[in-house]
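> Got a predicted structure plus its sequence, pasted below:
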4 protein chains.
Amino acid sequence: MVHCQMSTRSMASKTPVGFVGLGNMGSPMAKNLLKNGYPVIATDVFPESCKELQDIGAQVVDTPGEVAEKADRILTMLPSSPNVIEVYTGPNGILKKVKKGTLLIDSSTIDPAVSREMAAAAEKMGAVFMDAPVSGGVGAASLAKLTFMVGGVEEEYNAAQELLTCMGANVVYCGPVGTGQAAKICNNMLLAIGMIGTAETMNLGIRLGLDPKLLAKILNMSSGRCWSSDTYNPAPGVMEGVPSANNYQGGFGTTLMAKDLGLAQNTATNTKTPIPLGSLAHQIFRVMCSRGYANKDFSSVFQFLREEEGQ
Amino acid sequence: MVHCQMSTRSMASKTPVGFVGLGNMGSPMAKNLLKNGYPVIATDVFPESCKELQDIGAQVVDTPGEVAEKADRILTMLPSSPNVIEVYTGPNGILKKVKKGTLLIDSSTIDPAVSREMAAAAEKMGAVFMDAPVSGGVGAASLAKLTFMVGGVEEEYNAAQELLTCMGANVVYCGPVGTGQAAKICNNMLLAIGMIGTAETMNLGIRLGLDPKLLAKILNMSSGRCWSSDTYNPAPGVMEGVPSANNYQGGFGTTLMAKDLGLAQNTATNTKTPIPLGSLAHQIFRVMCSRGYANKDFSSVFQFLREEEGQ
Amino acid sequence: MVHCQMSTRSMASKTPVGFVGLGNMGSPMAKNLLKNGYPVIATDVFPESCKELQDIGAQVVDTPGEVAEKADRILTMLPSSPNVIEVYTGPNGILKKVKKGTLLIDSSTIDPAVSREMAAAAEKMGAVFMDAPVSGGVGAASLAKLTFMVGGVEEEYNAAQELLTCMGANVVYCGPVGTGQAAKICNNMLLAIGMIGTAETMNLGIRLGLDPKLLAKILNMSSGRCWSSDTYNPAPGVMEGVPSANNYQGGFGTTLMAKDLGLAQNTATNTKTPIPLGSLAHQIFRVMCSRGYANKDFSSVFQFLREEEGQ
Amino acid sequence: MVHCQMSTRSMASKTPVGFVGLGNMGSPMAKNLLKNGYPVIATDVFPESCKELQDIGAQVVDTPGEVAEKADRILTMLPSSPNVIEVYTGPNGILKKVKKGTLLIDSSTIDPAVSREMAAAAEKMGAVFMDAPVSGGVGAASLAKLTFMVGGVEEEYNAAQELLTCMGANVVYCGPVGTGQAAKICNNMLLAIGMIGTAETMNLGIRLGLDPKLLAKILNMSSGRCWSSDTYNPAPGVMEGVPSANNYQGGFGTTLMAKDLGLAQNTATNTKTPIPLGSLAHQIFRVMCSRGYANKDFSSVFQFLREEEGQ
């Protein structure tokens, strides 16, 4: 957990860093690299996404391939596996132009099998690929408070850590390539289960006559305690400053959680690992997406399960 | 959360306390009443269970009815709803001989509907019934470290608290009669969901190449954190002093968890509350009971879900 | 499976038959007794429900107890367990006035444990209680096409059958008291599972590019075949004359299915029988009840699972 | 549903047919082509698998590529997606040597997305790819009683049908490429749900006091009826000649069902289709694989769910 320390890093090391994918997460991450003194060479499939970064000093180019020509450390932050495959191995992709020895760090949340494929393809070109998905949302990205879970060859970890500490508060080395994704997927699966479980429990308790704040207090001092009960309680009126206090606006959208659970399901199916609660959690968020909860925070499962007025 | 303070309580208040049910939990609880200076009048359906308590000063009688003749504060600690019904309303039951104004405290874990029935029957006889189920196992009972969740009329709560603080570290008033059971059931349902979820997650992570200790560390600093991941981790080798470190011996048996989830299921069905993960957790522990895990700690669900060697 | 044969039954046997519960199902059932020449003595908690039957010749009385005074064969058809308990053992109940040797037949769908309690209470009064729940809806009740599943002492089965064949096309003896309920509950649990399974399958197939009629045809000639796929297909456009062809109006309401699954869940919990899919089916119909599907036919689960337009 | 009619087909059309994959299913399928007078050019990754077919007249070659040089109609029957990818697009694969206009028919059960990829790759080479997975086991393969579900361009369907009718009793055209797989996956998902549902139902009924044969009879005349209850009942003693009558030997192995449910899960995840019961069925068979049921017939889920003796 090394934080970025400007004073101990010579400017000599501040060679350009490439950045592909300037969406809600990628944009503030790239800004933090600039703030830390790194020249940034960026691109995005939507050119307008690059404007803001360009205005504060980044060099914008047209394709991932051009980024690879100009930088030997490149971060990518993309929505899903097909985008990652395209950005690395597509006709204008990074690996078409990558220089030997380049360090490639992918912070997208994708199937670990795709991370391993990308790493193998990079290795053929003499480059090194690491997966480094994040936890924490847009706010954490802006404040450089993300947690990075990093998979890849251990010898390259220090080089990756130098950059990642500029964008995150925690950087954890997880093991070989793909294990960063594995850690992210595992955490989010357990989060999903805990959230639905908390929603069911709060709803049942209320139906049985318990005051929601009191129930939350009892759970949090007992063995039912979890992050969803003590930090992000889904029942309105229990906590301030969480999406349940704001009609489930903001936060982590149900579609995003459903996507992550789809990754968990895929990895579980491929490794023949039984995940009965994880599977059911996936299905519940999937049904919610089709019943109007797609863009609400995932803690809205409390509202989804609750009896409607008048029934 | 008032602890038992000997110095501030006059001996005059130490009139006899009745105790029905001297099993694994009831016996150490009754001992703690004796230790705190209360004369105890006890009975159990198995007379041999009374020996030890008799040797240290308790008066043993034959039936719950006789207890009710001699004490105006009575605790009961019984395995399940039918036992409670028998002890209170059976031919030799407490309510056959109860004196007006008697305080009846039931620490069994049962259906809240039965608690409400007992309270109504007690009221007819001029007595007051409260439900006060516990969390914490035999160890906590011996050390007077139980948590009591108390339901009943608020005016009687202080009188109940005086006794319960001799046996527990936390006493929480939950609301009308039955809400103590509701709180207990809710907590254990969320505990069950969190445990199975943690077991699935640890298993999946290991299959994906993560070190179990590292995975637990990542979960515990992230949103996947829960009591089952940070205090009672089900994967062997992650923590010391928990059942997973001892082949799942001791702890909280799978049959007991299955019983509590049956209560959760019943209350949910009766109140038409959807509990998809709670129901599935119930079914998983039920299957485990029939596949050889009945007497292992409930965290053995990790072992149940794990791929067998050689498959 | 003996059908009612008027010609072979002497009018001498046509002593009055009591009937308690003249709702949507009970009313046409009682009419069929009248049509078959049986004098009917009826009552209902809502007197207006008795009007129509009175107009065509039934004698209406005020309470179940009065019915028991005037008839020595009595049928009951009530919504749920508490109603059955009240009608039999309440202050104006049947068992308060029942004559020795009376045959009591309950066609309500209730917990088999309650059926057994009623049978024991009846036996104390010298009467005989049988459970005989039905399958088939209001239409089948009108056309005397119901199926009765009968539990009770075998020696009394012929006497029950004589009456039931006037109201149903099939009468099946299932075993001791309670087994009629058991058969009904088991059938409906498998029906619920098959229906949700068919809905998921039709939806998935359509999403994968299959024509719904063709998919149904393939399932029905293969091992996926079930009553829900070949007789009551939930996907609109596949079959005529089923609720899915009529916006899920009519048919068997989701709340009724949720109630029957609650009974299945209770019996499974009490007998410690694992029913993972049955439990999940229960939860799905329960969630549907709270999301606006309470009064639609239960095959509307297809619509519930389907992706909304515009998502 | 056209059966193979030798008399109406001129020998002139009997140009050689290629066959790749001579396992338990492929070998009897290829024999039926020989029996119908088609010269067969075959290969398998295990040369010994080819011996028997060679003895009865097939020409055996070393690689799929060689098959493609010598035949312009080729069938493939392989265990899973990676094998299909290798046989078609690998270094010695069919598409390396395929002649323009060749008809490629893949009877493997795989992800429809892979079928579509293979079709696109074949089209680039001027060949036509169709998916034609089968239902029916080794027995049906030997007796030419398989059912083929065919996806691909409609104009080529007649040519495919000519060959497939020599190996199957039913050939069903499902739509564009991939829809054959979709139909197979959908059927098997519903089959899995129906089987587990039947097992739960039979088990619950027996626990509630019903005779298993009687319960099966009631289900089969009612709305609980399904293929698993009326043709392949999982409770021992109900039917003859099914795996449940033979300690769950033979039939369709639990691992194979788990594999097909993995495909259903993948397609559902990719198309964002909720399949709650299908997912749970997948997990149940997956747990069974790890608890000693991998090689038993999938109807052994009845045994898996049943309470053990002595519990």
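Received the coordinates, thanks.
> Distance-wise, check whatever residue of the stretch 151-300 of chain A ends up closest to chain C relative to residue C:201.
When distances are taken as Cβ to the nearest Cβ, the stretch 151-300 of chain A reaches nearest to chain C at residue A:290, 4.5 Å away. Backbone N, C-alpha and C define where each C-beta goes, glycine included. Per Cβ to Cβ, to the nearest Å, residue A:290 is found 17 Å from residue C:201.
> Compare these two and say which is more crowded by neighbours.
With neighbours defined as other Cβ atoms under 10 Å in any protein chain shown, residue A:290 and residue C:201 compare such that residue C:201 has more, 32 against 19.
> just the angle between the one helix or strand that one maps to and helix D:179-207, please?
For residue C:201, the element it lies in under DSSP states H and E is helix C:179-207. Interaxial angle of helix C:179-207 relative to helix D:179-207 (axes from the mean of the first three to the mean of the last three Cα atoms, to 10 degrees): 170 degrees.
> and the helix or strand following helix C:179-207 with helix D:179-207, angle?
Once the chain leaves helix C:179-207, the next helix or strand it forms, by DSSP H and E, is helix C:212-220. Going by the same axes, to 10 degrees, helix C:212-220 is angled at 50 degrees with respect to helix D:179-207.
> which helices and strands sit right next to the lengthiest strand in chain A?
Longest strand in chain A, counting residues (DSSP state E): strand A:168-175. If you count contacts as 3 or more Cβ pairs under 8 Å, 6 or more residues apart in numbering or on different chains; DSSP states H and E, strand A:168-175 packs onto strand A:146-151, helix A:157-164, helix A:179-207, helix B:212-220.
> Okay, and the beta partners of residue A:104?
Note on residue A:104: beta-bridge partners by DSSP bridges are residue A:74, residue A:129.
> Residue A:32 touches residue A:169, doesn't it?
No: using Cβ atoms under 8 Å, residue A:32 makes no contact with residue A:169, being 11.4 Å away.
> which neighbours do those two share?
Common contact partners of residue A:32 and residue A:169 (Cβ atoms under 8 Å, 6 or more residues apart in numbering or on different chains): residue A:144.
> Looking at these two, which one has more neighbours?
Counting neighbours by other Cβ under 10 Å for residue A:32 and for residue A:169 shows that residue A:32 has the greater number, 20 against 16.
> Please list all residues in contact with that one.
A:141, A:144, A:166-167.
> at 7 Å what do you get?
Counting by Cβ atoms under 7 Å, 6 or more residues apart in numbering or on different chains, residue A:32 touches A:144, A:166-167.
> Select from these the one having the most neighbours.
The residue in the contacts of residue A:32 with the most neighbours, by other Cβ under 10 Å, is residue A:167 (30 neighbours).
> My guess is that one contacts residue A:144. True?
Yes: between residue A:167 and residue A:144 a contact is recorded at 5.4 Å, counting by Cβ atoms under 7 Å.
> Model confidence for the residue of the stretch 151-300 of chain A closest to chain C, exactly?
Residue A:290 is assigned a pLDDT of 88 by the prediction.
> ok, it to chain B distance?
To chain B, residue A:290 is 16 Å away according to Cβ to the nearest Cβ, to the nearest Å.
> Any figure for the gap between that residue and chain D?
7 Å.
> where's that residue relative to residue C:292, distance?
Counting by Cβ to Cβ - residue A:290 and residue C:292 are separated by 14 Å.
> same question, residue A:106
Going from residue A:106 to residue C:292 by Cβ to Cβ gives 43 Å.
> got it, and residue A:225?
From residue A:225 across to residue C:292, the span is 34 Å (Cβ to Cβ).
> Over to residue A:79?
Distance, residue A:79 to residue C:292, by Cβ to Cβ: 33 Å.
> Please enumerate the strands of chain A.
Ranges of strands in chain A, per DSSP E, are A:17-20, A:40-43, A:59-60, A:73-76, A:103-106, A:128-131, A:134-135, A:146-151, A:168-175.
> If you average pLDDT over each of the ones you listed, which is lowest?
Ranked by mean pLDDT, these bottom out at strand A:134-135, with a mean of 92.
> on that earlier part again, could you dump the contacts of residue A:32 into a markdown table with distance to chain D and pLDDT added?
Shown next, in a markdown table, are the contacts of residue A:32 (distance: Cβ to the nearest Cβ, whole Å; pLDDT from 0 to 100):
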| residue | distance to chain D | pLDDT |
| --- | --- | --- |
| A:144 | 33 | 96 |
| A:166 | 35 | 97 |
| A:167 | 30 | 97 |
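> what's the spacing between the residue nearest the centre of chain A and residue C:288?
By Cα atoms, centre = their mean, chain A has its centre lying nearest to residue A:134, at 3.9 Å. Separation of residue A:134 from residue C:288 (Cβ to Cβ): 37 Å.
> Over to residue A:50?
Using Cβ to Cβ, one gets 47 Å for the distance from residue A:50 to residue C:288.
> And residue A:14, what's its pLDDT?
At residue A:14, pLDDT is 83.
> residue contacts, it?
Contacts for residue A:14 (Cβ under 7 Å, 6+ apart) come out as A:37-39.
> Also residue A:142?
Applying Cβ under 7 Å, 6+ apart, the residues contacting residue A:142 are residue A:28.
> How many neighbouring residues does the closest residue to residue A:186 other than its chain neighbours have?
Spatial nearest neighbour of residue A:186, chain neighbours left out: residue B:205 (4.3 Å); criterion: Cβ to Cβ, 6 or more residues apart in numbering or on different chains. Residue B:205 has 29 neighbours, counted by other Cβ under 10 Å.
> looking at it, residue B:205 is touching residue A:184, isn't it?
No: look at residue B:205 against residue A:184 with Cβ under 7 Å: they stay out of range, at 10.5 Å.
> got the residues of the stretch 151-300 of chain A near chain D?
Residues of the stretch 151-300 of chain A found near chain D (Cβ under 7 Å from any Cβ of the partner chain) are A:262, A:265-266, A:269, A:272, A:274-276, A:279-280, A:282-283, A:286-287, A:289-290.
> Among those residues, which one sits closest to residue C:20?
residue A:287 (41.5 Å; Cβ to Cβ).
> give the contact list for the closest residue to residue A:281 other than its chain neighbours.
Using Cβ to Cβ, 6+ apart and skipping residues adjacent in sequence, the residue nearest residue A:281 is residue A:192, 4.4 Å away. Contact partners of residue A:192, counting by Cβ under 7 Å, 6+ apart, are A:257, A:261, A:281, A:285.
> Neighbour-wise, which one of those residues leads?
residue A:281 (35 neighbours).
> give me every residue that touches it.
Per Cβ under 7 Å, 6+ apart, neighbours of residue A:281: A:192-193, A:196, A:261.
> Could you do residue A:196 as well?
Counting by Cβ under 7 Å, 6+ apart, residue A:196 has contacts A:281, A:284, A:301, B:277.
> That one and residue A:228, how far apart?
9 Å.
> Residue A:180 now?
To residue A:228, residue A:180 is 23 Å away according to Cβ to Cβ.
> So for the two, which sits in the more crowded spot?
It is residue A:228, of residue A:180 and residue A:228, that has more neighbours when counted by other Cβ under 10 Å, with 33 against 30.
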